[in-house]
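[1] Provided below for reference: sequence and predicted model.
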Amino acid sequence: MLLENMKMAFTALRANKMRSFLTMLGIIIGIGSVISIVSIGDTMRSMFSSLYKDIGITQAYLGIGYWMDDVRQSDYFTMDDLSRIQEVFGDKISYIDSSMSTTADAVTKRNKLKFNFNGVDYRYQEVQPVDILYGRYLNEGDIKGRRQNAVIEAESARRLYGTEDAVGRTFRAEIFGNMQEYTVVGVYEKKMSAFQKLMMGTPGDTGTAYVPWTLLTWPNDHFYYCHFFADVTLTEPELNAFYDDLLAYVARQKERKPEDFYMETAIGQMGQVDSMMAGLSMAVGGIAAISLIVGGIGIMNIMLVSVTERTREIGIRKALGARTRDVLIQFLTESAILSACGGVIGILLGGGLVSVVGLAIGVPTVIKPGVILLAVSFSAVVGIFFGLYPASKAAKSDPIEALRYE
Amino acid sequence: MTEIRKFSIPGFVKKRMGGPVSLPEVETDDLIRLVNLCKVYDTGAIKVVGLNNINLTIKKGEFVAIMGQSGSGKSTLMNILGCLDRPVLGHYYLDGIDISSLNQDQLSRIRNQKIGFVFQSFNLISRTPAVKNVELPMTYAHVPKKVRHERAIELLERVGLGQRTEHMPNEMSGGQRQRVAIARALANEPPLILADEPTGNLDTASSIEIMELFAKLHEEGATVVVVTHEEEIAAFTERIIRFRDGRIVSDRRNLKQRIPDAVPHSREGKEEETEECF
């Protein structure tokens, strides 16, 4: 009987193709916009999460709180602090440095370019891999021997020397008031997606170079942050526990409370961005869902017209033995099908649009099956809810009146 | 016209139809029995009497015409006989079942199982092929798809429309449409065929065809009640009941019944009846 009803409903809807389509349009637009907005949100979230994976999901900075009034010199970090932390936490820390960097002009005989010099360890390559195009990365000897060697980024190399193969070339730079000559030992390239470039900022006019951190940090220097990467094999709870332990340890060392320090973790930032995006797409999706209600009212309107038009048919059916329930189900099926068809078309349209745009700008799109399921069931519910009144009006009509209706 | 095969609803289908909508089985010879039946329309300020104390019995196998001017109460009676409306006072027994005691769903079942309607304006469902129209009462009786399709084809053949099963109502003439309606009325083998002005929208030739078809059905054992105001139509029946102002004013056998296949346009057999009325 259900199949019978569905067949009957399709016949009735086909009889008024244009009207059925226009009625569906409300639902199509509603579902289409909900699907595309939620999918755009999900896609953004997945892009952020891959971005954070790329920059190192276990990366974190730890420093004395910027809100502290009575900062003592002992609150800052020294090289000894870093090696102690490394000793205490061992395997859980895969990399630690002072995060010292500075900006200076790199000068050659013909050229001059502003550079960002990042002081890193030779093991930085393990946690932040880059593609070495020419030459080599910094090695242990460079660090220990405090050699004036640099690994520069390919684009910077082209700007400074006019070629990417700059291995062996030299430049002069005044770092911390000390003019020295540096030798390029390697040229690297970091591959980034369009989205990453957008988020990380393009190098622009400034070049980037890695130099041994020992050049920027002296053994008895005090510095603001301790920059480290935890072991990537840690699970999220283990990672958070590790961060807490580290904070507690550092606080104890500095005779401070853990609250006096701040710790900025990649995973924490990612969580913030993620929940912000989720909230945003929920809010906009909710607004789009209002259009579904408008679409539902459109369905109710057309169903009321249809019931009036088909008063006589309803009378005939009742005279031939249709019960109130039979007529009710017939019209409910019709409105549910109308709405569900609109829902399916809306999904195809919304999902298709997001996929095509994603393909065009080269971003892998995320369309969750759960969202689709929710959209379809929501549209069917809209159809049944807004079909209820017209259908009950049809079902309750008096067969004598209905048969007499012209 | 081929003899129709005896049709019965299979047991498993009957079980599904059961539940609250079951009908009592009563053995009786009286198909219709009206006892002190009254129908009053309450329009607020005034009460209009539609039917006034009607007592009437129609036996199985009768061919009856109900006649009267408009406003005579014949339409009201038609609605009550068709179980579309319920009397205010009195009792209506259809096939032994007291209609006034039934609920809406049971009335639907009665209309489905006990009555075959034929209307003046055909009342076929538009944009639906003839065969589907004939299947409709069987659909509501939950007859399996294959069975009802075969039976619908048989019925259409029986009314002489074997070649037009897939035609839409708007592709057929009035006479053909009415024959589809008659086939539909026969679908569930109801004991009563109730025709409300069946020839009202037809030309003379088609009217005679339709009345001959009713006469044929009557010969085959059906009980046919025709409501009409045309003497020529009533002339085909064997009993004529006349209404005026909500009362029966005459109820007698039609002595000069017009037999099927008689010469068309013969007007004999009607004058005698009219002079009985006041």
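    Structure received. Numbers count the residues shown, from 1 in each chain, chains lettered A, B, ... in the order given.
[2] Helices along chain B, start to end?
    Per DSSP state H, chain B carries helices over the ranges B:11-17, B:74-81, B:104-114, B:130-140, B:145-158, B:174-185, B:204-219, B:231-234, B:271-274.
[3] Chain A now?
    A:2-15, A:17-55, A:79-89, A:124-127, A:140-144, A:154-161, A:194-200, A:213-216, A:236-253, A:266-309, A:311-319, A:324-360, A:369-396, A:399-404.
[4] which one of those helices has the lowest average pLDDT?
    For the helices of chain A, mean pLDDT drops lowest on helix A:194-200, to a mean of 63.
[5] residue contacts, the closest residue in space to residue A:345 that isn't next to it in sequence?
    Excluding its sequence neighbours, the residue lying closest to residue A:345 (C-beta to C-beta, 6 or more residues apart in numbering or on different chains) is residue A:28, at 4.9 Å. C-beta here means a position set from N, CA and C on the backbone, and glycine is covered the same way. Residues in contact with residue A:28, defined by C-beta atoms under 8 Å, 6 or more residues apart in numbering or on different chains, are A:295, A:342-343, A:345-346, A:349.
[6] I'd like the distance between residue A:28 and chain B.
    To chain B, residue A:28 is 25 Å away according to C-beta to the nearest C-beta, to the nearest Å.
[7] domains in chain A, as residue ranges please.
    The record's domain parsing of chain A by automatic domain parsing lists A:2-51+A:271-404, A:61-270.
[8] hang on, the earlier thing: okay, the helices of chain A in CSV with distance to residue B:222 next?
    Formatted as CSV, the helices of chain A follow (distance: least, C-beta to C-beta, whole Å):
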stretch, distance to residue B:222
helix A:2-15, 28
helix A:17-55, 42
helix A:79-89, 99
helix A:124-127, 94
helix A:140-144, 109
helix A:154-161, 97
helix A:194-200, 80
helix A:213-216, 107
helix A:236-253, 81
helix A:266-309, 35
helix A:311-319, 18
helix A:324-360, 26
helix A:369-396, 31
helix A:399-404, 22
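[9] circling back to that earlier point, want to throw the contacts of residue A:28 into TSV with neighbour count?
    Formatted as TSV, the contacts of residue A:28 follow (neighbours: other C-beta atoms under 10 Å in any protein chain shown):
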residue	neighbour count
A:295	28
A:342	30
A:343	29
A:345	19
A:346	28
A:349	17
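[10] mind listing what residue B:94 touches?
    Neighbour list for residue B:94: B:31-32, B:81, B:83, B:110, B:114-115, B:192 [criterion: C-beta under 8 Å, 6+ apart].
[11] swap in residue B:185?
    Residue B:185 sits next to B:116-118, B:193-195 when contact means C-beta under 8 Å, 6+ apart.
[12] neighbours around the residue in the stretch 1-150 of chain B that chain A sits nearest to, how many?
    Of all residues in the stretch 1-150 of chain B, residue B:112 sits closest to chain A, at 2.4 Å by C-beta to the nearest C-beta. Applying other C-beta atoms under 10 Å in any protein chain shown, we find 27 other residues in the vicinity of residue B:112.
[13] My understanding was that it contacts residue B:188; is that so?
    Yes. Using C-beta atoms under 8 Å, residue B:112 is in contact with residue B:188, at 6.2 Å.
[14] so what sits against both of those two?
    A:321, B:137, B:141.
[15] Ranking by neighbours, what's the top pick from these?
    Ranking those using other C-beta under 10 Å puts residue B:137 first, with 28 neighbours.
[16] Contact residues of chain B facing chain A?
    B:21, B:79, B:82, B:84-85, B:104-105, B:108-109, B:111-113, B:117, B:119, B:123-128, B:136-137, B:139-142, B:184, B:188 (C-beta under 8 Å from any C-beta of the partner chain).
[17] 6 Å instead?
    B:79, B:84-85, B:105, B:108, B:111-112, B:117, B:123, B:125, B:127, B:136-137, B:140 (C-beta under 6 Å from any C-beta of the partner chain).
[18] Could you save the residues you listed as CSV and add columns showing distance to residue B:206 and pLDDT?
    Putting the residues of chain B next to chain A into CSV (distance: C-beta to C-beta, whole Å; pLDDT from 0 to 100) gives the following:
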residue, distance to residue B:206, pLDDT
B:79, 25, 90
B:84, 26, 90
B:85, 29, 87
B:105, 37, 90
B:108, 31, 93
B:111, 26, 94
B:112, 28, 94
B:117, 19, 94
B:123, 17, 93
B:125, 21, 91
B:127, 23, 86
B:136, 23, 94
B:137, 23, 95
B:140, 29, 92
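[19] What are the neighbouring residues in contact with the residue of the stretch 151-300 of chain A found nearest chain B?
    Nearest to chain B, among the residues of the stretch 151-300 of chain A, is residue A:299, at 21.4 Å (C-beta to the nearest C-beta). Residues counted as contacts of residue A:299 (C-beta atoms under 6 Å, 6 or more residues apart in numbering or on different chains) are A:23, A:335, A:338-339, A:386.
[20] Return only those of those found close to chain B.
    Counting by C-beta under 6 Å from any C-beta, no member of those reaches chain B.
[21] between those residues, which is closest to residue A:353?
    Distance to residue A:353 across the contacts of residue A:299 (C-beta to C-beta) is lowest for residue A:339, with 20.6 Å.
[22] what sits against the closest one?
    A:27, A:299, A:379, A:382-383.
[23] can you tell me how far residue A:396 sits from residue A:327?
    Relative to residue A:327, residue A:396 is positioned 9 Å away (C-beta to C-beta, to the nearest Å).
[24] For these two, work out which one has more neighbours and name it.
    The residue with more neighbours, out of residue A:396 and residue A:327, is residue A:327; 23 against 12, by other C-beta under 10 Å.
[25] how close does that one get to chain B?
    10 Å.
[26] List the residues that contact that residue.
    For residue A:327, the contacting residues are A:314, A:394-395, by C-beta under 6 Å, 6+ apart.
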